[in-house]
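> Below: sequence and its predicted model.
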4 protein chains.
Amino acid sequence: MITKTKLTVRYAETDQMGIVHHSNYPVWYEAGRTDFIKAMGRSYSQIEAEGVLFPLLELHCKYIQAAKYEDVVIIETTLTKLTMVKAEFSYRVYRERDGVLLNTGSTVHGMVTKELRPVNMKKEKPEIYTMLEKVLEI
Amino acid sequence: MITKTKLTVRYAETDQMGIVHHSNYPVWYEAGRTDFIKAMGRSYSQIEAEGVLFPLLELHCKYIQAAKYEDVVIIETTLTKLTMVKAEFSYRVYRERDGVLLNTGSTVHGMVTKELRPVNMKKEKPEIYTMLEKVLEI
Amino acid sequence: MITKTKLTVRYAETDQMGIVHHSNYPVWYEAGRTDFIKAMGRSYSQIEAEGVLFPLLELHCKYIQAAKYEDVVIIETTLTKLTMVKAEFSYRVYRERDGVLLNTGSTVHGMVTKELRPVNMKKEKPEIYTMLEKVLEI
Amino acid sequence: MITKTKLTVRYAETDQMGIVHHSNYPVWYEAGRTDFIKAMGRSYSQIEAEGVLFPLLELHCKYIQAAKYEDVVIIETTLTKLTMVKAEFSYRVYRERDGVLLNTGSTVHGMVTKELRPVNMKKEKPEIYTMLEKVLEI
């Protein structure tokens, strides 16, 4: 499963270099992840309401080309790794107008309770685990 | 002219109160303003390229109800005042699901060159001034 | 009581106009408020832990002069109004180097529980109310 | 050379998980980098004024422990790699109160002109290159 999230670059996301500030890409990845999880069949809001959180353990970004104000960008999201306690999502960000690849990245997430205690998803939340397993990129 | 801009609340926009942090509303207003100006016939990117900037002089927000993660919100934008050197935009933000009004606000903008020198729009940029005049809310 | 909070402008806070994006001032006000409340004798973290939140009802900003990357700015914070259910803080932001006033503003806050139910501070949290009363600007 | 930058966690930097949102760490790294470059003898503002920019090519973060609102954090910054066209900075973020390590990361930067054309620093800006060389961690 691959989901596509479309965003228009905000003025507030630019910096004095005249391009999108690099700290916005993880925020865009998150918008992509929100859509991906929703497309899986259960929104991340619902998963949180069931007491499971996916905080970041790692973040990796490669900046290839700059995005600019008012550019329409597409974030492609996939689930690229899954263990009983961790999940990795990967992202490709490109400009809609001409398909130019701007950025690629990945995020590794733990799975924890609201008190930040690790959850063995396969055992404690088998239903969510099965959903994730089905959409894992092979 | 009223434009409507649709956004999905990002996780990064929430704070530990569990609601959207108040500093995001001016950013959403700006997304609304971007769409409004584009609908006027010339994008703000083009206006900047012609050497005119609209920096903020004033910002006013009223917070009525909280927005939450994954809420779809609509920003309605109108141009409510126009003089030769200033423009005021007004905004209404509501939740798409049930139409509940979340926030209202306004921004007052100067019109300046890249060197931040005030521009008399009517005289120096009559074409842009006329565009603004046509979409002014009466 | 007036508190002074010193911040160095971050690159991420600039936009393509080459100045600090206007949405950062409410974040700086909040840093000022954090210091003000702490100076009052009880940190906002502690107040939240006691179950009282101060969400924004209103925000007003006047932008006088632009701040730039690496500028050191001072935020002066005062408590300018207090009722049993609301508080207003006011702010002056100036550049440390030359004392030039960059921005003034105010925020009006409700006082609520974690479930966002209004709290009559004078009755339900007299100790915190008294602390606020003592530092109110007259 | 190691520089230490002290910051107090802002409320706006938290998310609904009750911890600092992961997208703030690259912003903190940047604050660390600003101090590091300044300590080198020439501020990044000055380097930009001379026509050289250091945009990001890569970003890597490891999240070890969560930072919370009002925590005082220290960002330690070092220059860990230098070639004629690239530089890598590394960061350690820890809580001042108890020294607990919260986050480590690195950023790889290109060196370019304002038009985003790569600059061979050693040839075109030998003075800045030499400054960087002197503070390179070995």
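Yes, it's here.
> For chain A, give the helix that spans the most residues.
helix A:25-40 (DSSP state H).
> Run through the residues that contact the residue lying closest to residue A:14 once chain neighbours are set aside.
Excluding the flanking residues, the one nearest residue A:14 by C-beta to C-beta, 6 or more residues apart in numbering or on different chains is residue C:16, at 4.0 Å. Bear in mind the C-beta positions are built from the backbone N, C-alpha and C, glycine included. Residue C:16 makes contacts with A:11, A:14-19, A:69, B:48, as judged by C-beta atoms under 8 Å, 6 or more residues apart in numbering or on different chains.
> what ranges of chain A fall below the confidence cut-off?
By pLDDT under 70, chain A has no low-scoring segment.
> ok, back up a step: assign a three-state SS to the residue nearest to residue A:14, would you?
Following DSSP: H, G, I helix; E, B strand; the rest coil, we place residue C:16 in the coil state.
> would you list every one of the strands in chain A?
A:3-8, A:56-63, A:72-82, A:86-95, A:101-110 (DSSP state E).
> For chain D, find the nearest of those strands.
Between chain D and the strands of chain A, the tightest spacing by C-beta to the nearest C-beta is seen for strand A:56-63, at 4.3 Å.
> Excluding residues flanking it in the chain, which one is nearest residue A:55?
Closest residue to residue A:55 apart from its sequence neighbours, by C-beta to C-beta, 6+ apart: residue A:110 at 5.7 Å.
> does that neighbour have beta-bridge partners, and which?
residue A:86 (DSSP bridges).
> before we move on, the earlier item: reformat the contacts of residue C:16 as JSON lines; add distance to residue D:73.
Formatted as JSON lines, these follow (distance: C-beta to C-beta, whole Å):
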{"residue": "A:11", "distance to residue D:73": "29"}
{"residue": "A:14", "distance to residue D:73": "26"}
{"residue": "A:15", "distance to residue D:73": "22"}
{"residue": "A:16", "distance to residue D:73": "25"}
{"residue": "A:17", "distance to residue D:73": "26"}
{"residue": "A:18", "distance to residue D:73": "30"}
{"residue": "A:19", "distance to residue D:73": "27"}
{"residue": "A:69", "distance to residue D:73": "31"}
{"residue": "B:48", "distance to residue D:73": "36"}
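> In ChimeraX, how would I select the buried members of these?
Per 16 or more other C-beta atoms under 10 Å in any protein chain shown, the buried members of the contacts of residue C:16 correspond to this ChimeraX selection:
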select /A:11,14,15,16,17,18,19,69 /B:48
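> just curious, which of the contacts of residue C:16 is nearest to residue B:26?
For the contacts of residue C:16, the residue nearest residue B:26 by C-beta to C-beta is residue A:11; the value is 10.4 Å.
> Residue C:106 versus the closest one, what's the distance?
Distance, residue A:11 to residue C:106, using C-beta to C-beta, to the nearest Å: 24 Å.
> ok, now which ones touch residue A:53?
Contact partners of residue A:53, counting by C-beta under 8 Å, 6+ apart, are A:111-114, A:116, D:17.
> how about the residues of chain A near chain C?
Residues of chain A lying near chain C by C-beta under 8 Å from any C-beta of the partner chain: A:11-12, A:14-19, A:21, A:23, A:69.
> got TSV for the residues you listed, with distance to residue D:133 too?
Output for these, formatted as TSV (distance: C-beta to C-beta, whole Å):
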residue	distance to residue D:133
A:11	38
A:12	37
A:14	32
A:15	27
A:16	27
A:17	24
A:18	29
A:19	28
A:21	28
A:23	28
A:69	36
